[in-house]
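**Student:** my questions concern the predicted model and sequence given below.
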Amino acid sequence: MNDHPAVSATSPASPPPVLALVGADFGELSNTWQLLEGTSVRARMLVAPALYAHDPVFPGLAVEPLRSREQVLDAIRTERPRVLLLMSGYFFVAQQLLTRADLEAIVQAARDIGARVVTSDPLIGCVAHVAAAAAVRALFADAVHVHLAPAPAGPLHWACHNPRLTLAPSQRATLAGGLAEIGVMPGVPFWLFILSGADHRLQCRLQGRSRLDAALQAWGRQARAAGCQPVFLVPPLACESLAGEASGSALVLPFCDHRRFQALLLHAQHAFFWNLLSNSILARVANGGSVFFLHDGHLAHFVPALLPLAHACYYQNALLPRLDPAKPLESQALAQAASQQVATFAPALQALRALPTPDQWFARVLEEAGT
């Protein structure tokens, strides 16, 4: 479903300087890393202050907090990047990181020096369905839209995949070395429950906080009954609800830095999501891990048109492993379902791995920009 011609396997002759602005979304921070990690580009990242305070270190990349319009304009004038990367440009105004006037000035300044403007698009073309995104879409009418998974066909919707997302055994072992320091019990398998702030708010709205709290606590008990440590990566409000669980073997985290998240994601026996569109799902699947879905998620709930499109693009219309939240988690049933997931996700992984690499993708961006 991607609109990309064959490109050279070589990197650009002159690695492009990239100025990346990253909004207040953990998924976009991870997407930026996936796009830049291990590539030949020279990147400077300006990250939303809340995320920078939480996760300031990305080896090999210059990272600092995004402070102001003037800071960005000065970087454009002095560093003259060839690519201005916005992750995601559609939500900087809604997140109150920049005003619309700020965003217009930044985009125009980039175009004035001949830089190619690129934005990610978590709505994969469904921006008209979200007022906050639709309000600025005219700014990105001729911008390249980058996708880290197969995307809808379109002249400016270009996808790529970083093969470094699939880690070698030695890399996985290095990551595993940091698990004990955050409270993962050595030698004990663990189940990972990933619930974002947006999805926690949605679930509280749909079923009530007390019912959600009871379900989280029950799943913790069921993990322990299966001989596994329950690990909850949840927002602070849910941490409060799980305080009693944390006094036992459960590990309850109000999110964590990117490297630790990678370690948890890749080493969990099973991972449970309340969001079909989490950017971490394909990263886990690409490394052979099992995933289970407890809900479609906040984006699919508020933008129904997005779900069938994402299902087709990201998962190649596979029958996804969904669970009934009202039923207990049973170790043997989970193991049996997990064993079938290699076949379930094989078409999705084949489509993902057929995409250009980030270096090839940047080469195309510069070539078609005439630079």
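**Tutor:** Okay, I see it.
**Student:** show me what counts as buried in stretch 146-157.
**Tutor:** Neighbour-count burial for stretch 146-157, counted by 16 or more other Cβ atoms under 10 Å, picks out 146, 147, 148, 149, 150, 151, 152, 156, 157. Where C-beta positions appear, they are placed from N, C-alpha and C, glycine not excepted.
**Student:** would you agree residue 270 is in contact with residue 334?
**Tutor:** Yes. Taking contact to mean Cβ atoms under 8 Å, the distance of 5.6 Å between residue 270 and residue 334 places them in contact.
**Student:** okay, and the common contacts of the two?
**Tutor:** 290, 292 (Cβ atoms under 8 Å, 6 or more residues apart in numbering).
**Student:** pick out whichever of these two has more residues nearby.
**Tutor:** Set side by side, residue 270 and residue 334 show unequal neighbour counts under other Cβ atoms under 10 Å, the larger going to residue 270 at 24 against 21.
**Student:** next one: that one from residue 184, what distance?
**Tutor:** 14 Å (Cβ to Cβ, to the nearest Å).
**Student:** so where do the strands sit in the stretch 51-200 of the chain?
**Tutor:** Along the stretch 51-200 of the chain, the stretches classed as strands by DSSP state E, counting those that start in this stretch are 62-65, 83-87, 116-120, 144-147, 157-159, 190-194.
**Student:** can you give the domain ranges for the chain?
**Tutor:** Taking automatic domain parsing as the reference, the chain has its domains at 17-161+355-369, 169-353.
**Student:** where does the stretch 1-150 of the chain have low pLDDT?
**Tutor:** In the predicted model of the stretch 1-150 of the chain, residues 1-15, 56-57 satisfy pLDDT under 70.
**Student:** just to revisit the earlier point, how about JSON lines for the buried residues of stretch 146-157, with distance to residue 249 added?
**Tutor:** Formatted as JSON lines, the entries for the buried residues of stretch 146-157 read as follows, by distance: Cβ to Cβ, whole Å:
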{"residue": "146", "distance to residue 249": "41"}
{"residue": "147", "distance to residue 249": "39"}
{"residue": "148", "distance to residue 249": "35"}
{"residue": "149", "distance to residue 249": "35"}
{"residue": "150", "distance to residue 249": "40"}
{"residue": "151", "distance to residue 249": "41"}
{"residue": "152", "distance to residue 249": "44"}
{"residue": "156", "distance to residue 249": "50"}
{"residue": "157", "distance to residue 249": "45"}
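**Student:** dump the residue contacts of the residue nearest to residue 307 when sequence neighbours are not counted.
**Tutor:** Once its chain neighbours are removed from consideration, residue 307 has its nearest residue in residue 300; the separation is 4.2 Å (Cβ to Cβ, 6 or more residues apart in numbering). Applying Cβ under 8 Å, 6+ apart to residue 300 gives the contacts 275, 276, 277, 306, 307, 310.
**Student:** repeat that for 10 Å
**Tutor:** Residue 300 makes contacts with 275, 276, 277, 306, 307, 308, 310, 311, as judged by Cβ atoms under 10 Å, 6 or more residues apart in numbering.
**Student:** do the same with residue 31
**Tutor:** Taking Cβ under 10 Å, 6+ apart, we find residue 31 in contact with 22, 25, 87, 88, 120, 122, 146, 147, 148, 149, 279.
**Student:** can you check residue 190 too?
**Tutor:** Residue 190 makes contact with 179, 184, 223, 228-231, 249-251, 264, 267-271 under the criterion Cβ under 10 Å, 6+ apart.
**Student:** can you do 7 Å?
**Tutor:** For residue 190, the residues meeting the contact criterion (Cβ atoms under 7 Å, 6 or more residues apart in numbering) are 184, 228, 229, 231, 268, 269.
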